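Colleague: kindly generate the corresponding structure for this input.
(one chain, ligands or ions: 2)
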Amino acid sequence: MSDYRYLQEQDIPSFLAALRALGNRVLVPTLQKGTKESVVFTPWQEGDPVLVAKATVPAKAAVLPSCETLVTYKKTKNPDNYAETSLTLTETVEAEPTVVFASRPCDAKGIAILDNPYTKGIYKDPYYMAKREKLVVISLTCNSGCETCFCHWVGGGPSSPEGSDILMTEIPAEGTKAYVLQPITAKGKEMLAKSALKDGESVVALMNEARKAAFATLSPKPDLTEAPQKVAACFANLSFWAQETERCISCGACTYFCPTCYCFTITDEGEPTSAQGGRRLRSWDTCMSSLFTREASGHNPRPSKAERMRNRVSHKFATYPENWGIFSCSGCGRCISQCPVGLDIRKIVLHAIAEAGGTVHPPKQEEAKPAKAAPVQAPKLEEVKPAKAAPAPKEDRAEARAEGKQTPSANDTEPARSPAPRRTAKKRGFIKTSLKKSGTRRR
Ligand code: SF4
Ligand code: SF4
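Modeller: Ligands and ions are numbered 1, 2, ... in the order given. Reported below is the predicted structural model:
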């Protein structure tokens, strides 16, 4: 028997039930009650409908909950001396075995991007790591690109394996929908080997065809090799960022919907059941809010929305690549589709490259090659390496940072409206063409 498995649509509930019987919490995309199109990952149980639509909110909460308890504390007074109080701290590292079913490759890549700061830096986050170790990600490869997604610009694709343990691809089948499941990691291989699913080797050729067809739907991509240097070079050009951010209303949706954003805040909360106990919480926060960086003194190092957008885009396309060698963006497009004023991070990055005198040469359509199906042997998680973005030369970045010290004063809460950056018609021309050619198919 090969490592591939075959799954028909009508057998998905029994497959999920078997995963639950093994002790897993199974998170599936679910249409939120009272909404027409808001799809979120929720725990599945027998009898629940199964939806494989791209979720509105990524599966990030499986490893980084929107709010989690870090420690609980209890204060106890000495009954013989009320001036004496002792404090007991209890760390609450909670993790249950979890399977994310039918996320998309861009969501899974988002988790791979989160892995770097949370598990590979100087400080490792025990809360994140506990959840990550017990997580299995089954990603449904996309049948086509869509209007707002651009995974192939940032080293991904509709069937990219980064962050997934199993890739699931829809193949043509008579009278039903059917899928091939391909193990990517040892965890995925073990999960499929334990399943009762049929061998999928005979339909691997159909899987490869489906992936190839999906790749062919993607629009030509610009070359972002220079993006880290060029975005960093725009750092001190605050009028550029002011121009790009003019319509922003600082709502933070672009960060809350993003699979790769990981800013958080820490708050303490007294327990309602006890006047002497409480808990310390970690909750998602957004660097697009003016409160995110405001210090206790009242000083705010990022007082204007232009500075906050500069930070967000520079982190994703310059600083993170400098530290980890890849963009901190999986190209999922949610920040574009969810932005209430229609700001588009693709345009901002392309404008930054043009502003800094760079070029983006789009390759011909036929150069866009489908990702090769991975060999049947399941690689270890750490063996699946995302494509690298060229990091900016250190001297350029240091220079940009040094120039960036000339930020506005704390009182300059909104930047003065500046004239449009002088970009040439030629530079803008490509940007328009590139974005226009994006497909309009929905997934
Ligand atoms: S979603 Fe749009 S308006 Fe809201 S903070 Fe992000 S860029 Fe600004
Ligand atoms: S920055 Fe936007 S496109 Fe990139 S991963 Fe985040 S939400 Fe998706």
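
Colleague: quick check: nearest residue in space to K177, chain neighbours excluded?
Modeller: E9 (4.0 Å; CB to CB, 6 or more residues apart in numbering). To be clear about C-beta, it is placed using only N, CA and C from the backbone, and glycine gets the same treatment.

Colleague: so that neighbour makes contact with A178?
Modeller: Yes: E9 is within contact range of A178, at 6.9 Å (criterion: CB atoms under 8 Å).

Colleague: pick out whichever of these two has more residues nearby.
Modeller: Set E9 next to A178 and count neighbours by other CB atoms under 10 Å: A178 wins out with 20 against 14.

Colleague: got the residues of this structure near ligand 1?
Modeller: 248-254, 288, 339-341, 343 (CB under 6 Å from any ligand atom).

Colleague: just the buried residues of those.
Modeller: For the residues of the chain next to ligand 1, a burial check counting by 16 or more other CB atoms under 10 Å picks out 248, 252-254, 288, 339, 343.

Colleague: pLDDT weak spots in the protein?
Modeller: Confidence mapping of the chain against pLDDT under 70 gives the ranges 271-275, 362-443.

Colleague: tell me the residues of the protein that contact ligand 2?
Modeller: 257-260, 316, 329-335, 345.

Colleague: again, 8 Å this time
Modeller: Within the chain, the positions lying close to ligand 2 (CB under 8 Å from any ligand atom) are 58, 106, 110, 113, 148-150, 154, 254-255, 257-261, 312, 316, 327-336, 338, 345-346.

Colleague: nearest residue to the middle of the protein?
Modeller: Centroid-nearest residue in the chain: P259, 2.1 Å away (criterion: CA atoms, centre = their mean).

Colleague: that one reaches C329, doesn't it?
Modeller: No: the pair P259 / C329 is not scored as a contact, 9.1 Å apart, by CB under 8 Å.

Colleague: can you count the residues close to E295?
Modeller: 9.

Colleague: contacts only, for it.
Modeller: For E295, the contact set (CB atoms under 8 Å, 6 or more residues apart in numbering) comprises P301.

Colleague: picking that back up, mind checking which of the residues of the chain next to ligand 1 land in helices?
Modeller: 253-254 (DSSP state H).

Colleague: picking up where we left off before, what about the residue nearest to the centre of the chain, distance to R132?
Modeller: For P259, the distance to R132 equals 14 Å [CB to CB, to the nearest Å].

Colleague: how long is stretch 330-347 from one end to the other?
Modeller: 16 Å (CA to CA, to the nearest Å).

Colleague: look through this structure and tell me its longest helix.
Modeller: Every helix in the chain considered (DSSP H), the longest is helix 105-119.

Colleague: which other helices and strands contact that helix?
Modeller: Contacts defined by 3 or more CB pairs under 8 Å, 6 or more residues apart in numbering; DSSP states H and E place helix 105-119 against helix 126-133, strand 135-140, helix 320-324.

Colleague: on that earlier part again, please pick the buried ones from the residues of the chain next to ligand 2.
Modeller: 58, 106, 110, 113, 148-150, 154, 254-255, 257-261, 312, 316, 327-336, 338, 345-346.

Colleague: each with direction, which strands does the helix or strand encompassing M168 pair with?
Modeller: Taking DSSP states H and E as the definition, one finds M168 inside strand 166-171. Paired neighbours of strand 166-171 in the sheet (DSSP bridges): strand 135-140 (parallel), strand 178-183 (antiparallel).

Colleague: which ones are touching D285?
Modeller: 263-265, 292.

Colleague: pick out the most distant pair among these.
Modeller: Across these, the longest distance by CB to CB is 10.1 Å; it joins F264 and F292.

Colleague: relative to S289, how far out is the residue of the stretch 101-250 of the chain found nearest ligand 1?
Modeller: Going by CB to the nearest ligand atom, ligand 1 is nearest to C248 of the stretch 101-250 of the chain, at 3.3 Å. Between C248 and S289 the distance is 11 Å, computed by CB to CB.

Colleague: what of A232?
Modeller: According to CB to CB, A232 and S289 sit 24 Å apart.

Colleague: more neighbours: these two, which one.
Modeller: Between A232 and S289, counting by other CB under 10 Å, A232 is the more crowded of the two (27 against 18).

Colleague: give me the secondary structure label for the more buried one.
Modeller: The three-state label given to A232 by DSSP: H, G, I helix; E, B strand; the rest coil is helix.

Colleague: I'd say it and K316 touch.
Modeller: No: contact criterion CB under 8 Å: A232 and K316 do not qualify, at 12.0 Å.

Colleague: what about V40, neighbour count?
Modeller: Count around V40 with other CB under 10 Å applied: 17.

Colleague: is it correct that it is in contact with K33?
Modeller: No: counting by CB under 8 Å, V40 does not reach K33; the two are 10.3 Å apart.

Colleague: can you map out the strands along the chain?
Modeller: For the chain, the strands defined by DSSP state E occupy 5-8, 25-31, 39-43, 67-78, 81-91, 98-103, 135-140, 166-171, 178-183, 198-199, 264-270, 277-284.

Colleague: now distance to E322 too, for these, in JSON lines please.
Modeller: Below are these laid out as JSON lines (distance: least, CB to CB, whole Å):
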{"stretch": "strand 5-8", "distance to E322": "40"}
{"stretch": "strand 25-31", "distance to E322": "33"}
{"stretch": "strand 39-43", "distance to E322": "31"}
{"stretch": "strand 67-78", "distance to E322": "29"}
{"stretch": "strand 81-91", "distance to E322": "33"}
{"stretch": "strand 98-103", "distance to E322": "28"}
{"stretch": "strand 135-140", "distance to E322": "27"}
{"stretch": "strand 166-171", "distance to E322": "30"}
{"stretch": "strand 178-183", "distance to E322": "33"}
{"stretch": "strand 198-199", "distance to E322": "45"}
{"stretch": "strand 264-270", "distance to E322": "22"}
{"stretch": "strand 277-284", "distance to E322": "24"}
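
Colleague: out of these, which comes closest to V360?
Modeller: Among the strands of the chain, the nearest to V360 by CB to CB is strand 135-140 (28.4 Å).

Colleague: neighbouring contacts of the closest one?
Modeller: 24, 52, 59, 62-63, 97-105, 107-108, 111, 163-170, 179, 181, 187-188, 191.
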